[in-house]
Structure formats: C-alpha cells, structure tokens
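A.B. asks: need a structure here:
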Amino acid sequence: KMSVPDYMQCAEDHQTLLVVVQPIGIVPEESFFRIYKRISAVSQVNVRDSQRVLYIRYRHHYPPENNEWGDFQTHRKVVGLITITECSSAKEWPQTFEKFHLQKEMYGSTLYDSRLFVFGLQGEIAEQPRTDVAFYPSYDECETVEKRIEDFIESLFIVLESKRLDRATDKSGDKIPLLCVPFEKKDFVGLDTDSRHYKKRCQGRMRKHVGDLCLQAGMLQDSLVHYHMAVELLRSVNDFLWLGAALEGLCSASVIYHYPGGTGGKVGSRRAQGGSLSAEAGNRHRPGKGGTSVFILCALTSNGINADTSAEIGRAKNCLSPEDIIEKYKEAISYYGKYKNAGVIELEACVKAVRVLAIQKRSMEASEFLQNAVYINLRQLSEEEKIQRYSILSELYERIGFHRKSAFFKRIAAMQCAAPSIPEPGWRACYKLLLETLPGYSLSLDPQDFSKGTHRGWAAVQMRLLHELVYASRRMGNPALCVRHLSFLLQTMLDFLSDQEKKDVTQSLESYTAKCPGTMEVITLPDGLKLPPVPFTKLPIVKSVKLLNLPTSLRPHKMKSLLGQNVSTKSPFIYSPIIAHSRGEERNKKIDFQWVQGDVCEVQLMVYNPMPFELRVENMGLLTTGVEFESLPAALSLPAESGLYPVTLVGVPQTTGQITVNGYHTSVFGVFSDCLLDNLPGVKTNGCTVEVIPALPRLQISTSLPRSAHTLQPSSGDEISTNVSVQLYNGETQQLIIKLENIGTEPLEKLEVTAKTVNTKEKLYGDFLTWNLEDTLSQFPLKPGKIAKLTVNIKVKLDFSCQENLLQDLSDDGISVSGLPLSSPFRQVVKPRVETKPLNPQESSKVGDFSHVKVRE
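C.D. replies: Model (predicted):
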C-alpha cells in the first residue's frame, strides 16, 4: 500500500523522470542543498534532431514503498540516483563506496543509472577516470557538476528509449508479462494464464505502461494512442484499477497538450508539445523553469513507432477536449475509489484535477473534487503529514477563489502544529499559519481598515481567530505580541463583545501590560511582517473637540485709540469662487481667537464610556504640532456607559506661531495610545489651528475705595471693568489711591490714563478728577512683582442751577467712579497708532462717570 501522498503532484509530472538526490554519511545541510540546487537546475532536456523534450523531477527524499508502484505509473519510479558525500582520506574511500552501493540497493529494481559525487578526496584515487563517480576538491571547486548531470541524464534517456522500444514492439509468440501493483500479487496466484481474459488484461496493462514510457520519452502523440488502446482493452475485462490509471494517463497527456504552461502554478512555462512544434523549434536551445536545457542525440531507431511517424499516427482527435478531461478524471477517481489500498492514488488524482479546473476557472466543480479529497481515508497519518495535507488543501481552495474555505483548512493546519500529541509543539509555525488565514476571514491587523465603514466578515469567527493569535503569542513567550493582538481585538471588535467578554478581555490585557506595557511602536516579526500600533480611539469615544478661548482676564485685546477712533483692519473684498471655497475650508480649521505664549490653554472634549464598568483613563493629554507645547496630562474616571461627559485638557505653549491640535494621547489598561483626530470618524470640531502670540504683561489693579454695588454702564466685550463708589459733599475733596501690581513675567513699559464724560438724565457734572503721572511713571518700566501707585484727587464742584431736581437725583444716585480694571487681572495688546497724541501728565480730565486706565507695552 502506498502510504505517503505527494500533494504537489500535477498532471505534467506524468512526463517526468524521477531522480533522487541524497547524502551519504555526514554532509552539512547547507552544503548539500547548495549542490542540490545546482543539480536540480538541469531540469529540461531537448532531444537533438527531434521535437521531443525530456523533463526531470528531483527529490531529496522519496519513500521506497512508493517506488514499488513504478510499474503502475512510471513517473513514480526512481530511475536515477545521485548521492553526495564527503571523504577526506583514501582510507575512508572503500567504506564510502560501499555505502553508495547499499544506497543503490534501496531503489535497485528500478534504477536506470546512478552517480556518486565525492567532495574533499584528492590523490591517486581521485585521478582515476570513472563513469559513476565524480571527485571534487571542495564545494567551491566543482565547476563541472552541471556537465556531469547532463551526461547522467543522457544515460537515463538511452535506457528509457531502449525500454520503450522493446515494450512497444509487437513480438508475436512472446508471452506478455502481467504488470501488478504490490497488493495484487497474491490475488493472481493460481490464475489460468492462457485464458483470453488474462491475455487481454496483460495486453491492456502493457499498453498503458508503454503509454507512460512514451510520455516520459517526449512522444506525446504516441502516448495518446497507447492510452486509448489500453482503455479499450482494460474496459473489456473490467480491470478497474488499471483502467483508472489509463484514463488518468490519457488526461495527463491531454492536459500537457492543451496547457503547455503547466498546471502546477510555478514560475516559468513548459515548452509546447505535439504537432504544434516544428523541427527547427525542437533543435533550438530552450531553458525550462529557470533551469538548464541540454541536447541529447537520438540515435535509436526501430521498426516500431518512432518520432518521425508519431505526428501522423497520433492526431489531435486522440487528445481529449478540456471538458472531456474532467469527465475522464471523474471516471478514473471513481475506479480508484473501489480499492482501499489506492487511497493515495485517488487523492493525488483529485489534486491534479483541481489544478486543471483552476486553470479552466471552474471553481464549483473544483470544490467538489476537493471535498472528495477531504474524505478519502488514508492510513493513520503523522502530525506532520496532517499539517501538509491541510496546508495543500488550503492552497488549492485559494487557487479556485474559495478564500474562506482556504482559511478554514489553514487554521486547522495551524492547530495541528500544536496538537497535544506532539512532544514539542510548534507554536511559531502555528502562529505563522494563523497569520496567513487572516485575509480569508476579511481580517487585517491594521486598525485603519476598520475605521473606514461597515464591518466586513463574521465577527464571531474573527474574534476566535484573534484569541488564538493571543494564545499562540503567549506560548511563544512574546508578551508584546499578546498585548498588540488583545488591543486590536478590543479596539476593532468592541461592538460585538458581550459585557462579560469586555470584562474578560480587559482583565487579560491588564495582566499582560503589567509585564509589558502597550506602546505605539511598530512590531516587526522575524519574517518581516509589520504589526502597526493600535490606538484606543474607542476607550473613551470622543464625539467633539473644541478649542477654548482664554479666560476673559487673560485674553489679548487690541488697544483702542485714546481719541476713540479705531483703525480699520478689514481687507478689501474680492470675489472669486475658488478663493471662497478655500477660505471656507480654512474657516473650518482656524480659530478666530488667540492663545498666548506661557499661558495655560484649554481644549474641551465631549467623551463617553462604552464599557459596562468604570473606565479609568490615565495620562490623557494633547497632541500638537507647529509650536513647542507642554501638555499637562490629566487623569479621569468615567462611570459605566456614562453618556456624553465633558473633559478639559490643558497645556502651555512655549513658543509662538501657528499651533494645530492633532489629537490626544491616553493610557488605558496599560496601553499607551496616540489618537489622531483624522482617524476619528464623525468627530465635530470648531477648528484645530490657533495662533499663539508672544507673552504679554499682566496687571492687577486695586483701589483704596470700596466697590460699588451698582453698574453705571455695561462692560463691552473688549474690556474688564469694576465699579467703586464714594459719597462726597459739594466742595469736598478726597484722594483715590490706585495700586498697580505687575503679576506677569513681562515688564510694564507705559501707562496712559484718560477719562470720559457720560451724561445721564441730562444732568450736568462739573470737573472733579485730577491726577499727576510723574511720580507713577518714574517707576516704569514696572518689573514683574513690583507695585506702582497712582493718586487721583476727587474734588466735587457742581452747578446746582442747572436743573431743579438735581439735588434729589444726586441724593438718589450719588457719584460713582468706574475704573478699568480694579482688583482684577487684565491684559491689553497695544499697537502704535498714528493719530495717538501724548497726554500731558499735568492735564486734568473732564468730569465723567467712568475713568479708564489703559496700559501699553
């Protein structure tokens, strides 16, 4: 019984000669495969003066039991053996040569020829000319390896051609031997060898065998003729196993004819076959599949079928159509299914048919063959053989476009790598195979792919796969991978996790991050695959971002003219639809207020917690570009499923210019995340860019008079005001002491004082405020932390003859002095104006309700 299936088999392998290359003794693996690569490069052989092409298939391991099926299908027969060994002295040579003969005996019944390549032996023995042995001083000094292989293949061809001619010639009177597979030999003991039924069986099997030899010898049309004759003979005697082999041979020859590029999916193409080639094309040097072509002179002739007449004998009508190929494959597989010992043959035939159907783009029919292959019962397979079987099934499903089915079998192969029966489970191989299943389940490890719209794929299966990746990572001893995959699971599958699953995942994540915190660094795997970082943009979920203006007392203001005239800063309006569009985009991003260098600035986020438990967010701060910015991290605790919750993040700009708020950073469950606003779908914002101006002076004013409970005039948006009150009799005088304290970091350079008169209820007030700035200005520039004082004299002098009820009104309202500002910090941005005139320090102001104190740098 054939025990080891070759899952890489394809229809064109039926025309190849099998050569086994093996080491003898102790040969370094790297050195062996270095020579093996050079040997296997000689893979295609052109027969001179003919249209025939030979193909060689090399293997460095081949089960001897499979070789016993060589008569059933000749491409399974080892016809050539090449051995590689090291020999350093003449004393070791006899023992080395004996090992070579022992190796030949393993395949002795089928070998056409063999070669021994000896490395390291020099001297008299190495100088003796030998046909079957080649000596080389070292692995670097072996330039003639390819030439030796060419000579070796020529000897194989001569033996093959002689066998073909001997078996193809009809020798009347000679009894045709009965070819058998290993398990049949005991069944034919005692049969009548002279019966017509037995002779037909012998003829049919021999015809089929000759068809195999013709196909290997590059005579495609001859093989078609022999296969057709074999099918008729074997069908008449119900020899189903060999009938299936004849049908499969017919399919293989037809596939080679229709698809000269091959069905194995390998790079490169085979040379076209059959009557489509001219003699000139046959003589041309044609490299095959990246290997080397050699020429062999065909000097053998006979009275039987030969190359000159093959094109006429085997016409295209002997070749099956693409549709008939599949039907014959089905028939052959049904015959194989009658024999439990032919399970490997049946399985390989299914694989070959699938490869053909993949080229024909008949995916549904191909899936039926694969489904049949899944249920073919073989012997008890080893874990390694199971992994290979499921991997090949996955590859074939991928070729026919069944991506999810392909991922299913690859995942089974991955789980098989870590089966309990394996003493040392291959968790790295398991992890690698699991990664290869991701595309089949519409899953990628880039979180950006899940922020673009509707979720694709089956979430339950995807979560199961991600859990398996986490487990494999843990068994590999890589906690960073565990954290990355768990973070990805939590971020992308949050909407599909139950409340209990959310708790379980977060507990596992916290246990891993206690040993290895999650970062925003890209993880590069040994095979070069890069795992991008996974920011927690859903923990918490941010719905809006708003940049806040500074507090009223800290906002920068443009200084107004002392004369009350404003300089227009408006630009002329020019209409352009393009400019209007760009301005609209800019308006959406830029803010109409300013931040100040060195002052604490605020950004408000509206967030909510989607988790069924309290969410602790640590180290939450702003991500900015444009200027140097010191973010002041915050920590918050959000109630379970909190709904919208305002969070204010603060920071201090250290330099001036345009600053852009790009996002925020957090630390949740031990995972550090940089969340960019561009990656947050549906986030509302009033703009992200604001201008940072240089640091400004800060002045705090206090007065010797008590505050007033009444406001005579509402404050404008650009002013900060307070009110003080004093009650005097006509002709009485009182001093008002105004204390000016620099509470900022910049010096105060100038001080201007002005007053304005406000008429209320048509009352007439006289001159009552005077001041002298000389003493105050002598203390300027006022350095940070210093205090200056300004004395204002209040002298009441009223004309009571103006109106009759003035005395009563004064008794009701009193006289109030309002200053700018009193006991309150404020700032002003002052730009020099052309129309501003210097104020005489000795000049007294007019009588009025408001006394405005203004500061300029």
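A.B. asks: So, low pLDDT: which residues of the stretch 301-450 of the chain?
C.D. replies: 301-317 (pLDDT under 70).
A.B. asks: for residue 504, helix, strand, or coil?
C.D. replies: Under DSSP: H, G, I helix; E, B strand; the rest coil, residue 504 falls in the helix class.
A.B. asks: Share the number of residues neighbouring it, please.
C.D. replies: Residues contacting residue 504 under the criterion other CB atoms under 10 Å number 12. C-beta here means a position set from N, CA and C on the backbone, and glycine is covered the same way.
A.B. asks: Got the phi and psi for the nearest residue to residue 492 once chain neighbours are set aside?
C.D. replies: Ranked by CB to CB, 6 or more residues apart in numbering and with sequence neighbours excluded, the top spatial neighbour of residue 492 is residue 450, at 4.4 Å. The phi/psi pair for residue 450 (degrees, to the nearest 10) reads phi -100, psi 0.
A.B. asks: what's the distance between residue 450 and residue 536?
C.D. replies: 13 Å (CB to CB, to the nearest Å).
A.B. asks: so residue 534 makes contact with residue 487?
C.D. replies: Yes: assessed by CB atoms under 8 Å, residue 534 is found in contact with residue 487 at 4.2 Å.
A.B. asks: Comparing these two, which shows the higher neighbour count?
C.D. replies: residue 487 (26 against 23).
A.B. asks: For that one, list the residues it contacts.
C.D. replies: Residues counted as contacts of residue 487 (CB atoms under 8 Å, 6 or more residues apart in numbering) are 509, 518, 534, 536, 671.
A.B. asks: Please identify which helix or strand holds the residue nearest to the fourth one when sequence neighbours are not counted.
C.D. replies: Translated: residue 536. Spatially, and ignoring its direct neighbours in sequence, residue 536 is nearest to residue 673 (4.4 Å; CB to CB, 6+ apart). If you go by DSSP states H and E, residue 673 is part of strand 671-676.
A.B. asks: now the helix or strand following that strand: mean pLDDT?
C.D. replies: Sequence order places strand 684-685 as the next helix or strand after strand 671-676, per DSSP H and E. Mean pLDDT, taken over the full extent of strand 684-685, equals 82.
A.B. asks: and the next helix-or-strand element following strand 684-685, which strands flank it?
C.D. replies: Counting by DSSP H and E, the next helix or strand C-terminal to strand 684-685 is strand 689-693. When sheet partners are counted by DSSP bridges, strand 689-693 sits next to strand 590-596 (parallel), strand 657-668 (antiparallel).
A.B. asks: tell me how far strand 689-693 is from the chain's mean position?
C.D. replies: Strand 689-693 sits 38 Å away from the centroid of its parent chain (CA atoms, centre = their mean, to the nearest Å).
A.B. asks: just stretch 521-541 next, same as before
C.D. replies: Distance, centroid of stretch 521-541 to centroid of chain: 10 Å (CA atoms, centre = their mean).
A.B. asks: Quote the end-to-end distance of it.
C.D. replies: 22 Å (CA to CA, to the nearest Å).
A.B. asks: Please parse this protein into its domains.
C.D. replies: Listed domain ranges for the chain are 12-168, 196-262+320-440, 447-531, 541-555+590-693, 697-706+728-750+765-798 (source: the TED database).
A.B. asks: With distance to residue 181 as new columns, can these be given to me in JSON lines?
C.D. replies: Output for those, formatted as JSON lines (distance: least, CB to CB, whole Å):
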{"stretch": "domain 12-168", "distance to residue 181": "5"}
{"stretch": "domain 196-262+320-440", "distance to residue 181": "7"}
{"stretch": "domain 447-531", "distance to residue 181": "43"}
{"stretch": "domain 541-555+590-693", "distance to residue 181": "62"}
{"stretch": "domain 697-706+728-750+765-798", "distance to residue 181": "98"}
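A.B. asks: among the ones you listed, which is the most enclosed?
C.D. replies: Of the domains of the chain, the one with the most neighbours on average (mean count of other CB atoms under 10 Å) is domain 196-262+320-440, at a mean of 20.
A.B. asks: Name the residues contacting each of residue 534 and residue 487.
C.D. replies: 518, 671.
A.B. asks: My read is that the residue nearest to residue 536 contacts residue 667, right?
C.D. replies: Yes: judged on CB under 8 Å, residue 673 makes contact with residue 667 at a distance of 7.4 Å.
A.B. asks: Pick out the shakiest of the strands paired with strand 689-693, pLDDT-wise.
C.D. replies: strand 590-596 (a mean of 86).
A.B. asks: going on from that strand, what's the next piece of helix or strand?
C.D. replies: Downstream of strand 590-596, the first helix or strand assigned by DSSP H and E is strand 601-608.
A.B. asks: and whichever helix or strand comes after that next one, what other elements does it pack with?
C.D. replies: Downstream of strand 601-608, the first helix or strand assigned by DSSP H and E is strand 615-625. Packed against strand 615-625 by the contact rule (3 or more CB pairs under 8 Å, 6 or more residues apart in numbering; DSSP states H and E) you find strand 629-632, strand 634-638, strand 645-653, strand 657-668, strand 671-676.
A.B. asks: Minimum distance to residue 264: which of those strands has it?
C.D. replies: strand 671-676 (46.0 Å; CB to CB).
A.B. asks: Let's have the strands paired with strand 689-693 in a markdown table, adding distance to residue 630.
C.D. replies: Formatted as a markdown table, these follow (distance: least, CB to CB, whole Å):
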| stretch | distance to residue 630 |
| --- | --- |
| strand 590-596 | 13 |
| strand 657-668 | 12 |
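A.B. asks: Which of those strands sits closest to residue 687?
C.D. replies: strand 590-596 (4.8 Å).
A.B. asks: And the pLDDT for residue 204?
C.D. replies: 95.
A.B. asks: Now it. Nearest residue, chain neighbours left out?
C.D. replies: residue 233 (3.2 Å).
A.B. asks: The one you found touches residue 200, doesn't it?
C.D. replies: Yes: using CB under 8 Å, residue 233 is in contact with residue 200, at 5.4 Å.
A.B. asks: Please identify which helix or strand holds residue 66.
C.D. replies: Applying DSSP H and E, one finds residue 66 within helix 64-67.
A.B. asks: chain center to the helix or strand following that helix, what's the gap?
C.D. replies: Per DSSP H and E, helix 64-67 leads on to strand 78-86 as the next helix or strand towards the C-terminus. Centroid separation for strand 78-86 versus its chain: 43 Å, with CA atoms, centre = their mean.
A.B. asks: and strand 78-86, what does it pack onto?
C.D. replies: The helices and strands touching strand 78-86, judged by 3+ CB pairs under 8 Å, 6+ apart, are strand 16-24, helix 29-40, helix 93-106, strand 113-119, helix 145-168.
A.B. asks: could those go into a markdown table alongside distance to residue 725?
C.D. replies: Conversion of the helices and strands packed on strand 78-86 to a markdown table gives the following (distance: least, CB to CB, whole Å):
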| stretch | distance to residue 725 |
| --- | --- |
| strand 16-24 | 109 |
| helix 29-40 | 99 |
| helix 93-106 | 117 |
| strand 113-119 | 112 |
| helix 145-168 | 111 |
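A.B. asks: I'd like to know which of those lies nearest to residue 413.
C.D. replies: Comparison of those against residue 413 by CB to CB identifies helix 29-40 as nearest, at 24.4 Å.
A.B. asks: ok, residues contacting the helix holding residue 66?
C.D. replies: So helix 64-67 is contacted by 1-4, 6, 76-78, 106-107, 109-110, 182 (CB under 8 Å, 6+ apart).
A.B. asks: which residues do residue 233 and residue 200 both contact?
C.D. replies: With CB under 8 Å, 6+ apart as the test, residue 233 and residue 200 reach no residue in common.
A.B. asks: that older thread, which of the domains of the chain has the lowest average pLDDT?
C.D. replies: domain 697-706+728-750+765-798 (a mean of 80).
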